[in-house]
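Peer 1: Quick one, what's the 3D model for this:
(one chain, ligands or ions: 1)
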Amino acid sequence: MSRIDVPEDSPFGPENLPLGVFRLGDEEPRIGAAIGDYVIDLAPVAAAQMLDGAQLFAEPTLNKFLALGRPTWHATREWLLELAQEKETVEPYLIPRESVTMLLPFEVADYVDFYASEHHASNVGKLFRPDAEPLLPNWKHLPVGYHGRAGTIVASGTDIKRPSGQRKAPDADAPTYGPSQRLDIEVELGYVVGTPSKLGEPVSVDSFKDHVYGVVVVNDWSARDIQAWEYVPLGPFLGKSFATSISPWVVSLEALEASAVPLGAQEPAVLPYLDGKDLTNFDITFEVKWNGQVVSRPPYKSIYWSAAQMLAHLSVNGASVRTGDLFASGTVSGPEPDQRGSFLELSWSGREPVTVNGEQRSFLLDGDEVTISAFATTATGTRIGLGEVTGRIVP
Ligand code: CA
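Peer 2: Numbers count the residues shown, from 1 in each chain. All right, here's what the predicted structure looks like:
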């Protein structure tokens, strides 16, 4: 037995093995696992090994797999870890990653977007409400969030059409309609729900891992001018709902576990339903490329709320979760200027433009391309890549 060859700098080493949905030529879309420069075509391997449920991997989405729950996720991971060590068995089913098209990995059920980074919330508070306290009084008592639009979540690589809408400049008398002039990104981590919960039964912080399968990288495209005019008093609406891009490979919580770090201190103390015995965070670093140039490296480690608290909060009123639900962290910004996860913050609302390939820039122009990648770092220094999410603005 020998291992499948993996280049040393690959995001997808033999301990990662994220799942995604790929298309090869005009063949039916199906499920694969990423390793090094390859996709393992799982359906035929599973069939050849007469694995129970082998047909799951011939599905065009991960939903059926996700719905089976934690014991199946764990057994599948054990199987994949073995496959990674059995090059001879797997070799006939390895497809170069560069020859496949990656699709949306799961059919998105409901989408919730949080606002869990204190640095981001403070920055936005200072920019949108300069005369008030940056954080609103509720912020440290509950993970603030809103329900987003699941139907406009798109696969990485999908072109993003510049949204139009109402916007009103601060010095204008009346709003006008037209293309957004302040189109932005939001760097986020997205959590993928597998096991549903029952209506009327909150999900406790301690059962997070029974419901959430894994994570993707999220770019929550945002039209700041539309958002600023419409969001009072009910919150984000058309400034957010036109498109949200996600990365194609879903990295399992089991793979990410090696990068778990304790959650930072929460003061004031949270209510009991948000308190848990094992509140963790992940040591994940994002990298934002604007037309190929790195402009920011937001650290997920700096987030205030843990994902288990987000899930507990979004269900505490009895709202149920469904297979394929996605809930995202909200923009991740670190304490340093070059760790900000939106161009609104990076350019300080246009007042301090960013130099991109020699040009002074604040918001997205047509033709711009943004790529957000991420990796988790384990205690031993190994990197677990989350891959990347990319998108280009078209008029
Ligand atoms: Ca967001």
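Peer 1: Is Ser373 located within a strand, as I assumed?
Peer 2: Yes: counting by DSSP: H, G, I helix; E, B strand; the rest coil, Ser373 is found in a strand.
Peer 1: who's in contact with the closest residue to Val21 other than its chain neighbours?
Peer 2: Taking Cβ to Cβ, 6 or more residues apart in numbering, and ignoring the residues beside it in sequence, Val21 has Leu103 as its nearest neighbour in space, at 4.6 Å. Every residue, glycine included, has its C-beta placed from N, CA and C. Listed by Cβ atoms under 8 Å, 6 or more residues apart in numbering, the contact set of Leu103 reads 20-23, 29, 60, 155, 248.
Peer 1: For the stretch 151-300 of the chain, which segments count as strands?
Peer 2: Under the criterion DSSP state E, counting those that start in this stretch, strands of the stretch 151-300 of the chain are mapped to 153-155, 160-161, 164-167, 176-179, 183-184, 187-193, 212-219, 222-223, 244-246, 251-252, 260-262, 280-282, 284-290, 293-296.
Peer 1: if we can go back for a sec, could the contacts of Leu103 be laid out in TSV, adding distance to the ion?
Peer 2: TSV is the format used below for the contacts of Leu103 (distance: Cβ to the ion, whole Å):
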residue	distance to the ion
Gly20	23
Val21	24
Phe22	27
Arg23	29
Pro29	28
Pro60	27
Ala155	18
Pro248	20
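Peer 1: Restricted to strands, list those.
Peer 2: Among the contacts of Leu103, the subset assigned to strands under DSSP state E consists of 20-23, 155.
Peer 1: Same list (those residues) but as a markdown table, adding neighbour count.
Peer 2: Supplementary listing: the ones in strands among the contacts of Leu103 in a markdown table, determined by neighbours: other Cβ atoms under 10 Å:
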| residue | neighbour count |
| --- | --- |
| Gly20 | 25 |
| Val21 | 24 |
| Phe22 | 22 |
| Arg23 | 14 |
| Ala155 | 18 |
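Peer 1: Sticking with Ala47, tell me its helix or strand.
Peer 2: In this structure, Ala47 is located in helix 42-48 according to DSSP states H and E.
Peer 1: What residues sit buried inside that helix?
Peer 2: Neighbour counts using 16 or more other Cβ atoms under 10 Å place 42-43, 45-46 of helix 42-48 among the buried residues.
Peer 1: Next to the ion in this structure, residues from the stretch 151-300 of the chain, please.
Peer 2: Contact residues, the stretch 151-300 of the chain versus the ion (Cβ under 5 Å from the ion): 186, 220.
Peer 1: Now do the same contact list for the residue of the stretch 151-300 of the chain found nearest the ion.
Peer 2: The ion sits closest to Asp220 of the stretch 151-300 of the chain, with a gap of 3.6 Å, by Cβ to the ion. Listed by Cβ under 8 Å, 6+ apart, the contact set of Asp220 reads 113, 148, 185-186, 188, 240, 244, 328, 331.
Peer 1: how about those in CSV, adding neighbour count and pLDDT?
Peer 2: Written out in CSV, the entries for the contacts of Asp220 read as follows (neighbours: other Cβ atoms under 10 Å; pLDDT from 0 to 100):
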residue, neighbour count, pLDDT
Asp113, 25, 98
Gly148, 22, 97
Ile185, 28, 98
Glu186, 25, 98
Glu188, 30, 98
Lys240, 24, 98
Thr244, 28, 98
Ala328, 30, 98
Thr331, 29, 98
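Peer 1: these two touch, right, Gly235 and Gly145?
Peer 2: No: taking Cβ atoms under 8 Å as the definition, Gly235 is not a contact partner of Gly145, at 9.4 Å.
Peer 1: Between those two, point out the one with more neighbours.
Peer 2: Gly145 (21 against 15; other Cβ atoms under 10 Å).
Peer 1: That one against Asp113, yeah?
Peer 2: Yes: A contact is recorded between Gly145 and Asp113 when judged using Cβ under 8 Å, the distance being 6.0 Å.
Peer 1: Now list whatever residues contact both of the two.
Peer 2: What both Gly145 and Asp113 touch, as defined by Cβ under 8 Å, 6+ apart, is the set 327, 330.
Peer 1: On the three-state scheme, Pro105 is what?
Peer 2: Using three-state DSSP, the secondary structure recorded for Pro105 is coil.
Peer 1: what do you get for Asp113?
Peer 2: Under three-state DSSP, the three-state class of Asp113 is strand.
Peer 1: who touches Ile185 in this structure?
Peer 2: Applying Cβ under 8 Å, 6+ apart as the definition, the contact partners of Ile185 turn out to be 219-222, 288, 341-343, 364, 370, 372.
Peer 1: can you do 7 Å?
Peer 2: By Cβ atoms under 7 Å, 6 or more residues apart in numbering, the contact list for Ile185 reads 219, 221, 342-343, 370.
Peer 1: mind listing the helices for the protein?
Peer 2: Counting by DSSP state H, residue ranges of the helices within the chain are 42-48, 63-67, 70-83, 87-90, 118-128, 208-211, 224-230, 253-256, 307-315, 343-346.
Peer 1: How about the contacts made by the nearest residue to Arg322 once chain neighbours are set aside?
Peer 2: With sequence-adjacent residues excluded and distances taken as Cβ to Cβ, 6+ apart, Arg322 is closest to Ala109, at 4.1 Å. When the contact criterion is Cβ under 7 Å, 6+ apart, the partners of Ala109 are 150, 322-325.
Peer 1: between the residues you listed, which is closest to Asp275?
Peer 2: Compare each of those with Asp275 using Cβ to Cβ and the shortest gap goes to Asp325, at 23.1 Å.
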